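Chemist: Sequence first, then the predicted structure:
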Amino acid sequence: MQINIPNLLTWARIALIPVFVGVFYLPDDWASWTQKNLFATVFFVAAAVTDWFDGYLARKLGQTSAFGAFLDPVADKLMVAAALIMLVDLSRVHPLIAIIIIGREVTISALREWMARVGEASSVAVAYIGKLKTTVQMVAIPMLLLHGTFSGVDFHLVGGVLIHVAAALTLWSMGYYLRRALPRLLVKEQG
């Protein structure tokens, strides 16, 4: 494992997961629900911002590594899964939405790993639809964590609509990646 700034930022993102989840378990006399929502949102957004910075810095500083390429998407998936599970627990996201999004992440991660093993990783490289799905869910989740109305905008309502859009994009992107891999999936393994 290379220790460099991008990898440290990825590790920081992972370390922030129990922080933004743990905020909701603070005693009520330590923080109101509005404060818990705000703190969790700030920590989640800080973690999400490190995702952009670690990739940017890895390229800019020439510090890309196989370990970083592995750890970065794992950190993203852990962060999103933790947030969705917390939002389900808080009754802010329907469990089916969380299952769709988390299930897709597991499925496509396994598919990418398998395609890399058979030398066809480029077939399931990140596509525009995957980036769009990620963008929509990374906007929806903080809105659902914030869970309030501010400046006349009902963040819970907007976040709820966006998380449903993210779930639809999740299914669409999964279909896209599975179609790309289908020719290889249909080929019999020769042993």
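Modeler: The structure has been received and is ready for your questions.
Chemist: can we go C-alpha only for contacts and neighbour counts from here?
Modeler: Fine.
Chemist: What ranges in the protein fall below the confidence cut-off?
Modeler: In the predicted model of the chain, residues 1-2, 121-125, 188-191 satisfy pLDDT under 70.
Chemist: how about the strands in it?
Modeler: Under the criterion DSSP state E, strands of the chain are mapped to 149-150, 153-154.
Chemist: looking at those strands, which is buried most?
Modeler: strand 153-154 (a mean of 13; mean count of other C-alpha atoms under 10 Å).
Chemist: That one pairs with which strands, parallel or anti?
Modeler: Partner strands for strand 153-154, per DSSP bridges, with pairing direction: strand 149-150 (antiparallel).
Chemist: Centroid-nearest residue for this structure?
Modeler: For the chain, the residue nearest the mean C-alpha position is V80 (3.7 Å; C-alpha atoms, centre = their mean).
Chemist: How is this structure divided into domains?
Modeler: 1-91, 93-191 (automatic domain parsing).
Chemist: So what's the gap between the longest one and the chain middle?
Modeler: If I follow you right, that is domain 93-191. 8 Å (C-alpha atoms, centre = their mean, to the nearest Å).
Chemist: H156 and F20, how far apart?
Modeler: In this view, H156 and F20 are 18 Å apart by C-alpha to C-alpha, to the nearest Å.
Chemist: on that earlier part again, out of the strands of the chain, nearest to V126?
Modeler: strand 153-154 (32.2 Å; C-alpha to C-alpha).
Chemist: max-length helix in the protein?
Modeler: helix 155-186 (DSSP state H).
Chemist: other SSEs contacting it?
Modeler: Counting contacts by 3 or more C-alpha pairs under 8 Å, 6 or more residues apart in numbering; DSSP states H and E, helix 155-186 packs against helix 95-117, helix 128-146.
Chemist: Give the buried residues for stretch 61-79.
Modeler: Buried residues in stretch 61-79, counting neighbours by 16 or more other C-alpha atoms under 10 Å, are found at 63-65, 68, 71-72, 75-79.
Chemist: Which residues outside that stretch are in contact with it?
Modeler: 1-2, 4, 6-7, 10-11, 13-14, 17, 48, 51, 57-58, 102, 105 (C-alpha atoms under 8 Å, 6 or more residues apart in numbering).
Chemist: 6 Å instead, please
Modeler: Contacting residues not belonging to stretch 61-79 are listed as 7, 14, 17, 58 [C-alpha atoms under 6 Å, 6 or more residues apart in numbering].
Chemist: Run the chain-centre distance for it.
Modeler: 13 Å.
Chemist: For L26, find the nearest of the helices and strands packed on helix 155-186.
Modeler: helix 128-146 (15.2 Å).
Chemist: now the closest one against helix 155-186, angle please.
Modeler: 150 degrees (axes from the mean of the first three to the mean of the last three C-alpha atoms, to 10 degrees).
Chemist: Just list what helix 128-146 packs against, helices and strands only.
Modeler: helix 33-60, helix 155-186 (3 or more C-alpha pairs under 6 Å, 6 or more residues apart in numbering; DSSP states H and E).
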